[in-house]
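>>> I would like the atomic coordinates for the input below:
(2 chains)
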Number of protein chains: 2
Amino acid sequence: MVRHSATLAIDETLRARRAAGQPLLHLAFGEAGLPVPDSVAAVLAAAAGRNGYGPVAGSPQARQAAAGWFTRRGLATEPERVVFAPGSKALLFALLAALPGDVVLPRPAWVSYAAQSALAGKRVIGVPVPPEAGGVPDPERLARVFAETRPGVLILTVPDNPTGTVARPDHLRAVCDLAERHGLAVIADEIYGELIHGGGPAPESPAALLPERTVVTTGLSKSLALGGWRIGFARLPAGPWGGRLLAELTGVASEVWSSLAAPMQAVATHVLADPPEVTAHIAAAARLHATVARAVHAEFTAAGALARRPEAGFYLYPDFEPLRPALAATGIDGAATLADALLERHGVGVLPGDAFGDDPRALRFRVATSLLYGDTEAERWAALRAADPLALPWLAGSLTRLRAALIALKSAPGGTR
Amino acid sequence: MVRHSATLAIDETLRARRAAGQPLLHLAFGEAGLPVPDSVAAVLAAAAGRNGYGPVAGSPQARQAAAGWFTRRGLATEPERVVFAPGSKALLFALLAALPGDVVLPRPAWVSYAAQSALAGKRVIGVPVPPEAGGVPDPERLARVFAETRPGVLILTVPDNPTGTVARPDHLRAVCDLAERHGLAVIADEIYGELIHGGGPAPESPAALLPERTVVTTGLSKSLALGGWRIGFARLPAGPWGGRLLAELTGVASEVWSSLAAPMQAVATHVLADPPEVTAHIAAAARLHATVARAVHAEFTAAGALARRPEAGFYLYPDFEPLRPALAATGIDGAATLADALLERHGVGVLPGDAFGDDPRALRFRVATSLLYGDTEAERWAALRAADPLALPWLAGSLTRLRAALIALKSAPGGTR
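Coordinates of the predicted model:
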């Protein structure tokens, strides 16, 4: 049986509790937490007359816009190699259904890769990430995998969810070399690629390193906070292998979702042309994500957790191993009991590391910082526009609350509630 | 490999040919061919601010509206048993992935059931439909299936695509009895349920006949011609079996599409409350579908084809068996060569019966009549509002053209182009 996606499930649970009046810090869900720019809302409204199915892969206009978007980012792309879908999640599933062989995942990795692999009848081989950053398997450990098995697909997440970090170029290269040598297909999930902290360019794509065997998936859910609009797209490689995969992918697409909703394709056509107001909005979002993620990172490290410094997106992946003895005294002995204690004793919702394929005994969990920006549209706009968002009362209050919860967590059983 | 859905593929082919200047009658694609009502477009525009993912199954408001919609149609429904998705196609796939056992299909049946079953690793058992109407297997032939095999799922299409007919109540009852006796799950695809010709009520749902084991799927693609908006929903049965299936279905949904786009859920919330302008629009659409389908039916029967009289939706399923000797003289010996000749020699695009699982040697094909309403929004509105749509010059011209093509088909090799 396919269980309800852990990240969507905890979002529903936490929202229901908050609606019922429980005061909670919701750090468990990767929704980008920002409002829709007016110009983008206007495009959707203007596209309401578009009610035809259209081509499975997307309209010529949307595919052209996506090809230009990739090309401007250093990956020359033909429009005919772009496929749109209702979310990059649907594309990831369809790719796993179309590609042969078992799947290698970084460990930890986004919750859905493993579940989708199982749904597609594939075995998963998890390979730990390096200490420097997540999203790619440690190259040395990956090399050992091929002594034992013959996987077909390698998924990389650059920048990474759940660690909020960006794989080092030498690790990416080493991993792509291994994929080439062993004939793997690479799926590069680059949905956080526009949200590099400090506004730097995205790292080199695996599609530049292994051009003929890498599929890139991305979408507008994170950069423009349009998760609820379900706009995803994929770039398939040039060459015959990419051509065959394109046919398989659109075959699966035609039998699972038909096409991305036509008004949403009009939105993609607009946004992917990189109009200045969209670019400015995304840059402001990346600044806010960086500011808040760093502040939350500081709270966790001050509380004694290990955590890679956030480099992109809006996630942290703390590890409370240094506090194991103190936590053990309160009955916490792994990811599930730790996340449960944070929620039930201290009112802080996070997602335990085992949901990401990590060792359930480890004291690790994912923290999503993007639902701290506000509970109303007005608060979220204020956060996006603030010179010092951490001074906004609701954000400052949440950080204070988090600090108190973490102090209570390590000091005594019972806690703050 | 999953091939491109036959119906979506031929639509892309025919539209490309028409765009390149080829004059074609496009009778190959089941797009409802009508414009978006202003009130519905306004709801989409007003919902542009909704960018959160929301619950996998749909918002409480949308599920409540759908529950009311079903309840007013004679199927008492709890909101908690409704699941939304980007199209009922996605729901059908997810149901086939979640339900155990092989799949019994009427023969002919909509193109995607078999492809989705294959994608979900299921074997398909096709059982011919009765002479009276399609969408359900002939009960006597279905009974014989259980002597040989133990299928798990039965899909019924009421009203039917591809035959445009409505299963007889006694056949529906007999088939549901068999499903109950042999422990099958029934999936009732009722997406054409609002488009009964003559405005009559939909037939009794299999969900009324086998309440604890029937899932109903439907959507707004046909009734409101919103195929390109991808709004589908399912009603799961009350009781423990339905509860378990609901968990499985939302599990698959959470890993394949996350949720229906939030602005589209707002549209569903509005439409499924049955506001008077929406009800009137759908009634006008059903009248137009009936008028044009009957006129096209008359052309095919005048040309010597057998075809069930259309009763719902916008399809016919003619059989040129009476003309086999004449057609054989022009090299036509089955569904593929017949459809090919209609397109390549006579400029009439239809979908051959073998795409629907029918005998490839039979001279049967599906005719979709809904793309005749016009090539522009203005023409489609005029068709919808006309007291006598067949008198509109573009519709009259298409019927004349079809008549000439059918005369040419049976008279000589070479044809009309």
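>>> residues in contact with residue A:108?
Residue A:108 is in contact with A:129, A:134, A:162-163, A:317, A:353, A:356-358, A:364, A:366, counting by CB atoms under 8 Å, 6 or more residues apart in numbering or on different chains. For glycine as for every other residue, the C-beta is placed from the backbone atoms N, C-alpha and C.
>>> actually, residue A:223.
A:32, A:193-195, A:282, A:285.
>>> how about residue A:12?
So residue A:12 contacts B:55-56 (CB under 8 Å, 6+ apart).
>>> just give me the residue right at the centre of chain A.
Central residue of chain A (CA atoms, centre = their mean): residue A:161, 4.4 Å from the mean position.
>>> next, the residue nearest to that residue when sequence neighbours are not counted: phi, psi?
Nearest non-adjacent residue to residue A:161, counting by CB to CB, 6 or more residues apart in numbering or on different chains: residue A:110, 4.9 Å away. Recorded main-chain torsions at residue A:110 are phi -50, psi 140, according to degrees, to the nearest 10.
>>> rewinding a little: can I get the contacts of residue A:108 in TSV with neighbour count?
Output for the contacts of residue A:108, formatted as TSV (neighbours: other CB atoms under 10 Å in any protein chain shown):
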residue	neighbour count
A:129	27
A:134	28
A:162	30
A:163	29
A:317	28
A:353	27
A:356	28
A:357	20
A:358	23
A:364	28
A:366	30
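>>> please tabulate those in JSON lines, including the columns distance to chain B.
Compiled in JSON lines, those are given as follows (distance: CB to the nearest CB, whole Å):
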{"residue": "A:129", "distance to chain B": "22"}
{"residue": "A:134", "distance to chain B": "21"}
{"residue": "A:162", "distance to chain B": "17"}
{"residue": "A:163", "distance to chain B": "21"}
{"residue": "A:317", "distance to chain B": "21"}
{"residue": "A:353", "distance to chain B": "19"}
{"residue": "A:356", "distance to chain B": "14"}
{"residue": "A:357", "distance to chain B": "14"}
{"residue": "A:358", "distance to chain B": "19"}
{"residue": "A:364", "distance to chain B": "22"}
{"residue": "A:366", "distance to chain B": "16"}
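>>> ok, those vs residue B:411, which is closest?
residue A:357 (67.2 Å; CB to CB).
>>> let me see the contact set for that closest one.
Taking CB under 8 Å, 6+ apart, one finds A:105, A:107-109, A:114, A:124, A:126 in contact with residue A:357.
>>> redo that, cut-off 6 Å
With contacts defined as CB atoms under 6 Å, 6 or more residues apart in numbering or on different chains, residue A:357 is in contact with A:107-109, A:114, A:126.
>>> so what pLDDT did the residue nearest to residue A:161 get?
Among the per-residue scores, residue A:110 shows a pLDDT of 96.
>>> look up how far chain B lies from it.
In this view, residue A:110 and chain B are 11 Å apart by CB to the nearest CB, to the nearest Å.
>>> pretty sure that residue sits against residue A:160.
No. Counting by CB atoms under 6 Å, residue A:110 sits too far from residue A:160 to count as a contact (8.5 Å).
>>> now the common contact residues for these two.
By CB under 6 Å, 6+ apart, residue A:110 and residue A:160 have no common neighbours.
>>> and residue A:380, its phi and psi?
Dihedral pair for residue A:380: phi -70, psi -40, per degrees, to the nearest 10.
>>> and for it, the neighbour number?
20 (other CB atoms under 10 Å in any protein chain shown).
>>> again, but for residue A:107
So residue A:107, with other CB under 10 Å, has 21 neighbours.
>>> distance of it from residue B:129?
51 Å (CB to CB, to the nearest Å).
>>> do residue A:2 as well
Using CB to CB, residue A:2 is found at 33 Å from residue B:129.
>>> can you check residue A:297 too?
63 Å.
>>> contacts for stretch A:190-200, please.
Against stretch A:190-200 from outside (CB under 6 Å, 6+ apart): A:88, A:159, A:202, A:216, A:218-219, A:222-223, A:282, A:286, A:289-290, A:311-313.
>>> so for it, what gets flagged as buried?
Within stretch A:190-200, the residues scored as buried using 16 or more other CB atoms under 10 Å in any protein chain shown are A:190-197.
>>> which helix or strand lies directly C-terminal to the top helix by length along chain A?
Determined from DSSP state H, the single longest helix within chain A is helix A:276-302. Where DSSP states H and E defines the elements, the next helix or strand beyond helix A:276-302 is strand A:315-316.
>>> what are the pairing partners of that next one, and which direction each?
Taking DSSP bridges as the criterion, strand A:315-316 sits next to strand A:365-368 (antiparallel) in its sheet.
>>> got the residues of the stretch 51-200 of chain A near chain B?
Counting by CB under 6 Å from any CB of the partner chain, the residues of the stretch 51-200 of chain A close to chain B are A:51-53, A:55-56, A:86-87, A:89-90, A:93, A:112, A:115-116.
>>> looking at these, state which has the most neighbours.
When these are compared by neighbour count (other CB under 10 Å), residue A:86 ends up highest, at 32 neighbours.
>>> how much space is there between it and residue A:249?
14 Å.
>>> pull the number of nearby residues for residue A:291.
18.
>>> circling back to that earlier point, of the contacts of stretch A:190-200, select the buried ones using a ChimeraX command.
Applying 16+ other CB under 10 Å to these, the buried members can be selected in ChimeraX as follows:
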select /A:88,159,202,216,218,219,222,223,282,286,289,290,311,312,313
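>>> may I ask which two of the contacts of stretch A:190-200 are separated the most?
Comparing all pairs in those by CB to CB, the longest separation belongs to A:216 and A:290, at 23.3 Å.
>>> among the contacts of stretch A:190-200, which one lies nearest to residue A:375?
Out of the contacts of stretch A:190-200, the member with the shortest distance to residue A:375 (by CB to CB) is residue A:289, at 17.8 Å.
>>> who are the packing partners of the strand or helix carrying residue A:118?
Following DSSP H and E, one finds residue A:118 within helix A:111-119. Contacts defined by 3 or more CB pairs under 6 Å, 6 or more residues apart in numbering or on different chains; DSSP states H and E place helix A:111-119 against helix A:88-98, helix B:240-256.
>>> format the ones you listed as a markdown table; extra columns: distance to residue A:80 and mean pLDDT.
Converted to a markdown table, the helices and strands packed on helix A:111-119 look like this (distance: least, CB to CB, whole Å; pLDDT from 0 to 100):
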| stretch | distance to residue A:80 | mean pLDDT |
| --- | --- | --- |
| helix A:88-98 | 16 | 98 |
| helix B:240-256 | 25 | 97 |
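>>> most tightly packed of these?
Across the helices and strands packed on helix A:111-119, averaging neighbours per residue (mean count of other CB atoms under 10 Å in any protein chain shown) puts helix A:88-98 on top, at a mean of 26.
>>> packing partners of that one?
helix A:111-119, strand A:214-219, strand A:232-235, helix A:240-256.
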